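1. Only the shape, not the letters, is given here:
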């Protein structure tokens with residue numbers, strides 16, 4: 001869609017990341033299991049927020065990170081997610097818009113507070129995450145702007161949105177509008193636990209052609225096809241009619257699968273792995289940025305690998321430098 005308003009419109013859980021350095025003693029005092037990723041309620045969220053001390057606060061969530069990566073590549077990125085009219089919701093909105101991402105979803109006037117993920121980083125670099133989902137789970141069909149979806153070349157859906165029933169309906173509405181207007185629909189499986197919860201439904205989305213493109217890492221793909229054999233999972237994916245599969249394998253690079261071909265693409269070399277958070281989100285950003293410009297699938301995967309390599313060499317799930325400049329420096333042009 002050369003005249004699209006958005007190259008990619010991303011739908012996901014709108015979560016504010018609150019990142020703070022802490023000592024191990026803080027985790028013990030707060031009775032938090034080191035390295036754990038747990039869901040918490042609003043009172044617990046308020047308690048942690050008050051106890052943490054100085055923190056870095058940025059808008060986050062998987063699909064939002066992908067949208068920011070797209071904007072960094074110079075792509076036209078839009079985002080749909082739910083916050084509330086509170087201080088944290090205002091921060092999320094302003095921070096995301098400042099990256100160049102269009103975010104126009106109306107905030108909730110009441111109900112649960114804006115979602116927050118409290119990321120506690122100990123001196124050894126390990127992250128302990130406590131997440132309050134709050135308002136982000138209240139995305140509904142009413143939040144899907146028909147015109148915005150119609151004006152998008154690709155609609156990218158976060159698998160975590162399949163948890164709340166109302167968000168599931170929003171997901172399906174956006175996919176239906178996209179296909180009615182000749183646009184492609186992409187789904188990221190989000191994590192293997194998400195796949196375990198909704199395996200049959202995710203497979204149904206693929207086989208009924210609700211989605212055209214699937215992003216997954218190796219463990220998520222194995223979970224989808226209930227196998228520990230990656231090659232067996234790849235074979236099953238290859239047999240899905242008309243599907244484009246984009247599978248990341250960490251330091252081993254990625255595998256791009258269609259019915260006609262299977263491409264293995266190397267990861268970009270890095271100097272030091274600092275923080276792998278956001279690697280998959282940024283890989284998706286690079287791949288989609290290339291796909292939106294009709295680049296060859298191998299080039300799309302190289303762009304994804306470049307973005308992932310950039311983000312894992314520093315703290316945080318957002319690029320610290322212009323991905324468009326980085327792509328140009330590495331001979332990866334995004335011009336049509």
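-> Yep, it's here. Bear in mind that the values here come from a model prediction, so they are computed numbers and not experimental data.
2. contacts for the helix or strand in which residue 155 is found?
-> Here residue 155 sits within strand 152-158, counting by DSSP states H and E. Contacts to strand 152-158, defined as C-beta atoms under 8 Å, 6 or more residues apart in numbering, come from residues 1, 4-13, 61-63, 66, 78, 149, 171, 174-175, 178, 183-188, 190, 211, 213, 284, 288, 291-292. Placement of C-beta: from N, CA and C, glycine included.
3. how about 7 Å then?
-> For strand 152-158, contacts defined as C-beta atoms under 7 Å, 6 or more residues apart in numbering pick out 1, 4-13, 62-63, 66, 78, 149, 171, 174-175, 178, 183-188, 190, 288, 291-292.
4. ditto for stretch 239-253
-> Here stretch 239-253 has contacts from 206-207, 209, 212-218, 221, 237, 254-259, 264-267, 280, 283, 287, 305, using C-beta under 7 Å, 6+ apart.
5. Centre of the chain to stretch 326-334, how far?
-> 23 Å (C-alpha atoms, centre = their mean, to the nearest Å).
6. swap in stretch 312-321?
-> Mean-position distance between stretch 312-321 and its chain equals 14 Å (C-alpha atoms, centre = their mean).
7. I'd like the distance between residue 168 and residue 307.
-> Distance, residue 168 to residue 307, by C-beta to C-beta, to the nearest Å: 29 Å.
8. So these two - more neighbours on which side?
-> Neighbours per residue, other C-beta atoms under 10 Å: of residue 168 and residue 307, the larger number sits with residue 307, 30 against 16.
9. surely the more buried one meets residue 323?
-> Yes - if you go by C-beta atoms under 7 Å, residue 307 and residue 323 touch, sitting 5.5 Å apart.
10. what touches both of those two?
-> Common neighbours of residue 307 and residue 323 (C-beta under 7 Å, 6+ apart) are residue 69.
11. what's the burial count for residue 208?
-> Neighbourhood size, residue 208 [other C-beta under 10 Å]: 8.
12. just the strands in the stretch 51-200 of the chain please.
-> Remark: strands assigned in the stretch 51-200 of the chain by DSSP state E, counting those that start in this stretch are 56-60, 77-80, 102-103, 115-121, 127-132, 152-158, 184-188.
13. Residues in contact with the fifth one: which ones?
-> I take that to be strand 127-132. Against strand 127-132 from outside (C-beta under 7 Å, 6+ apart): 15, 27, 32, 34-42, 45, 48, 115-121, 277.
14. Report the buried members of those residues.
-> Buried by 16 or more other C-beta atoms under 10 Å: 15, 27, 32, 40, 45, 48, 115-121, 277, out of the contacts of strand 127-132.
15. pLDDT for those residues - can I get that in a markdown table?
-> What follows is those, written out as a markdown table (pLDDT from 0 to 100):
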| residue | pLDDT |
| --- | --- |
| 15 | 93 |
| 27 | 94 |
| 32 | 89 |
| 40 | 92 |
| 45 | 90 |
| 48 | 91 |
| 115 | 94 |
| 116 | 92 |
| 117 | 90 |
| 118 | 91 |
| 119 | 87 |
| 120 | 88 |
| 121 | 82 |
| 277 | 79 |
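16. which pair in these spans the largest distance?
-> Largest separation among the buried ones among the contacts of strand 127-132 by C-beta to C-beta: 27 and 115, giving 21.8 Å.
17. thinking again about what came up before, and the buried ones among the contacts of strand 152-158, selectable in PyMOL?
-> PyMOL command restricting the contacts of strand 152-158 to the buried ones, with burial defined by 16+ other C-beta under 10 Å:
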select buried, resi 1+4+6+7+8+9+10+11+12+13+62+63+66+78+149+171+174+175+178+183+184+185+186+187+188+190+288+291+292
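18. follow-up on the earlier one: hmm, which of the contacts of stretch 239-253 are the buried ones?
-> Of the contacts of stretch 239-253, these count as buried by 16+ other C-beta under 10 Å: 206, 212-218, 221, 237, 254-257, 265, 267, 280, 283, 287, 305.
19. In helices only, show me those residues.
-> Applying DSSP state H to the buried ones among the contacts of stretch 239-253, the entries found in helices are 206, 218, 221, 237, 280, 283, 287, 305.
20. Got the confidence number for the second one?
-> Listed pLDDT for residue 218 reads 93.
21. One more: the one 3 residues further on?
-> We note a pLDDT of 96 for residue 221 in this prediction.
22. strands paired with the lowest-mean-pLDDT helix or strand in the chain, and their directions?
-> When each helix and strand of the chain is scored by mean pLDDT, DSSP states H and E, strand 37-39 comes last, with a mean of 82. Here strand 37-39 is paired, per DSSP bridges, with strand 127-132 (parallel).
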